[in-house]
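Trainee: Give the three-dimensional model of this entry:
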Amino acid sequence: MKKLYIKTFGCQMNEYDSDKMADVLAQASLDHGDTMVKTERPEEADVILFNTCSVREKAQEKVFSDLGRVKELKRANPSLVIGVGGCVASQEGAAITKRAPYVDVVFGPQTLHRLPALIEARRTTGRPQVDISFPEIEKFDHLPPATVDGATAFVSIMEGCSKYCSFCVVPYTRGEEVSRGFEDVLTEVAGLAAQGVREVTLLGQNVNAYAAPMPRSDDATIDDDAADDDGRADFATLLEYVCEIPGIERVRYTTSHPKEFTPRLIDAYARLPKLVSHLHLPVQSGSDRILMAMKRGYTVLEYKSIVRRLRAVRPGLCLSTDLIVGFPGETEADFDATMKLIDDVGFDASYSFVYSPRPGTPAASLPDAVDAATKLARLRRVQDAIDTNAKRISDAMVGSPHRVLVEGAARRNTGERMGRTDNNRVVNFVGRAAVGSLIDIDVTGANAHTLRGALPADRPSRPAASHAGLEGIEAIVGPC
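Mentor: Reported below is the predicted structural model:
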């Protein structure tokens, strides 16, 4: 038996890719009559992989710090294979093996399916192997069928991004937008449902840019009228079909771009009850001037219009977002506009960061850098405001029942169960409940980041509802 250690940095797409790395290597081991299992202890691993992120400077430097820690493991065990994948690998390429010559393989997000061949070539030639090419969607044709153990799963529906925001390295490290085949996505979701998955999260750098050819056949499950004039399925169409798959009770997705949030996608929230009442919609700034410098392609008014129309068809919709503070040239007035947007929309969660220049991006050469102390002070204000919003929404949920998908044991107390509400709140409770079951929980308390709940004593479960009990949230956060 061989053991694999993977450390993942960054986004949910990287989490998905790490699972696929493990699947690919496990399958390759089986093909050779061996077995490979994951371990949480790098010192006992035969293969160590770092799946990296280059969106933030600190994440990139941490990779090299961690590589330094496993250098001694390589010295003690020369047969140990060390690999670096993900976005830092795409950005740095062979420079990684020059800086850390004990690294055996370097591979990009689009070439992770070639890992077994890269490792074999390293052993055969004795030379480090680097493959950071961008083969279009090839990896999905070479991945083994998805396997999971739980009620939730990620499904990648597209790769790359073609927006070229001035601060972002993703188009350079993951390539242009390429959509995965329509039937391929449905087949994977159906396979996951057959394994007991009840909730899927559709992944992509910009999922609402999804566009793939609709199959033309006599298959009664495929509606030719669902395609656009070019015979392609858009993201709203994909959502419709995923929601129809037996066994799937909830559908989430991340991440989306306001520029392509279409009326059809908004209408999906009126028509698809399985589409959850939580949306991650990155805005980055509340200042039109900064949004223009970021090359985001929309205004604050356009963003708020999307939110207003969404909440008109789905009252109580909760929103999370991405925010960058301290972008070059950001004035106090620009930052105040961001704070006003947080208050107007009522974001209840965010991935908030201070701006850090990424090599090769247009913003890296912009003048008027904001000093570090100002950036950190602004970040604290952003996080405090969003925490306040989140606490108000959580407090309003206390005293009412909410539909929860049971995901397993609670993180801090394995004697308890945890589940997730439709609006993405974790609820911990005492009681027996099968993983994958949708049950009603009475919310009894609100902590900083989770809810407390209790099983109703004498009340039968209600039918699943996509936003039951959330109607009051709009009144709390106010209109946009």
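Trainee: Poorly predicted segments of the stretch 51-200 of the chain, please.
Mentor: Within the stretch 51-200 of the chain, the ranges that satisfy pLDDT under 70 run 59, 137.
Trainee: Show the residue spans covered by the strands in it.
Mentor: Taking DSSP state E, counting those that start in this stretch to define them, one finds strands in the stretch 51-200 of the chain at 81-86, 105-107, 129-131, 152-156, 158-159, 178-179, 199-203.
Trainee: mind listing what the longest one pairs with, with the direction of each?
Mentor: The strands beside strand 81-86 in its sheet (DSSP bridges) come out as strand 47-52 (parallel), strand 105-107 (parallel).
Trainee: So for the last one, what gets flagged as buried?
Mentor: This points to strand 105-107. By neighbour count on 16 or more other CB atoms under 10 Å, the buried set for strand 105-107 is 105-107. The C-beta positions use only the backbone N, C-alpha and C, and glycine is treated the same way.
Trainee: Kindly report the same for stretch 328-346.
Mentor: The neighbour-count check on stretch 328-346 (16+ other CB under 10 Å) flags 328-330, 334-335, 337-338, 341-342, 344-346 as buried.
Trainee: Would you mind checking which of the buried residues of strand 105-107 is nearest to residue 171?
Mentor: Nearest to residue 171 among the buried residues of strand 105-107: residue 107, at 18.7 Å, using CB to CB.
Trainee: Output the strands of the stretch 51-200 of the chain in a markdown table; the columns should cover distance to residue 289.
Mentor: Listed next are these as a markdown table, based on distance: least, CB to CB, whole Å:
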| stretch | distance to residue 289 |
| --- | --- |
| strand 81-86 | 33 |
| strand 105-107 | 39 |
| strand 129-131 | 41 |
| strand 152-156 | 35 |
| strand 158-159 | 31 |
| strand 178-179 | 33 |
| strand 199-203 | 32 |
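Trainee: right, and these - which one's nearest residue 35?
Mentor: Nearest to residue 35 among those is strand 81-86; the distance by CB to CB comes to 16.2 Å.
Trainee: Now find how far off-centre the longest helix anywhere in the chain is within its chain.
Mentor: Identified as the longest helix of the chain according to DSSP state H is helix 372-397. Computed by CA atoms, centre = their mean, to the nearest Å, the chain-centroid distance of helix 372-397 equals 21 Å.
Trainee: Who are the packing partners of that helix?
Mentor: On a contact count with 3 or more CB pairs under 8 Å, 6 or more residues apart in numbering; DSSP states H and E, helix 372-397 meets strand 318-325, helix 332-345, strand 349-354, strand 438-446, helix 473-477.
Trainee: hang on, the earlier thing: of the strands paired with strand 81-86, which is nearest residue 153?
Mentor: Evaluated over the strands paired with strand 81-86, closeness to residue 153 peaks at strand 47-52, with 17.8 Å, by CB to CB.
Trainee: quick one: which of the buried residues of stretch 328-346 is nearest residue 439?
Mentor: Distances from residue 439 to the buried residues of stretch 328-346, taken as CB to CB, are shortest for residue 346 (27.8 Å).
Trainee: Enumerate residues external to the strand or helix carrying residue 27 that contact any of its residues.
Mentor: If you go by DSSP states H and E, residue 27 is part of helix 12-31. Identification of contacts with helix 12-31 by CB atoms under 8 Å, 6 or more residues apart in numbering yields 2, 4, 6, 8, 35-38, 47, 49, 51-53, 85-87, 109, 112-113, 115-116, 139, 142-144, 146-147, 154-156, 201, 203-205, 254.
Trainee: Could I get the strands paired with strand 81-86 in a markdown table, plus columns for distance to residue 389?
Mentor: Output for the strands paired with strand 81-86, formatted as a markdown table (distance: least, CB to CB, whole Å):
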| stretch | distance to residue 389 |
| --- | --- |
| strand 47-52 | 32 |
| strand 105-107 | 40 |
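Trainee: between those strands, which one is nearest to residue 421?
Mentor: Comparing these by CB to CB, strand 47-52 comes nearest, at 29.5 Å.
Trainee: what's the angle from the closest one to helix 12-31?
Mentor: For strand 47-52 against helix 12-31, the angle between stretch directions is 160 degrees (axes from the mean of the first three to the mean of the last three CA atoms, to 10 degrees).
Trainee: rewinding a little: between the helices and strands packed on helix 372-397, which one is nearest to residue 61?
Mentor: Proximity to residue 61 (CB to CB) singles out strand 349-354 among the helices and strands packed on helix 372-397, at 14.7 Å.
Trainee: quick revisit: worst mean pLDDT among the helices and strands packed on helix 372-397?
Mentor: Among these, helix 473-477 carries the lowest mean pLDDT, at a mean of 40.
Trainee: got any ranges where the stretch 201-350 of the chain has weak pLDDT?
Mentor: Along the stretch 201-350 of the chain, the model assigns pLDDT under 70 to residues 217-229.
Trainee: quick one, strands of it?
Mentor: Residue ranges of the strands in the stretch 201-350 of the chain, as given by DSSP E, counting those that start in this stretch, are 211-213, 232-234, 250-254, 278-280, 318-325, 349-354.
Trainee: Dump the ones you listed to a markdown table, plus mean neighbour count.
Mentor: Formatted as a markdown table, the strands of the stretch 201-350 of the chain follow (neighbours: other CB atoms under 10 Å):
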| stretch | mean neighbour count |
| --- | --- |
| strand 211-213 | 18 |
| strand 232-234 | 21 |
| strand 250-254 | 22 |
| strand 278-280 | 22 |
| strand 318-325 | 23 |
| strand 349-354 | 19 |
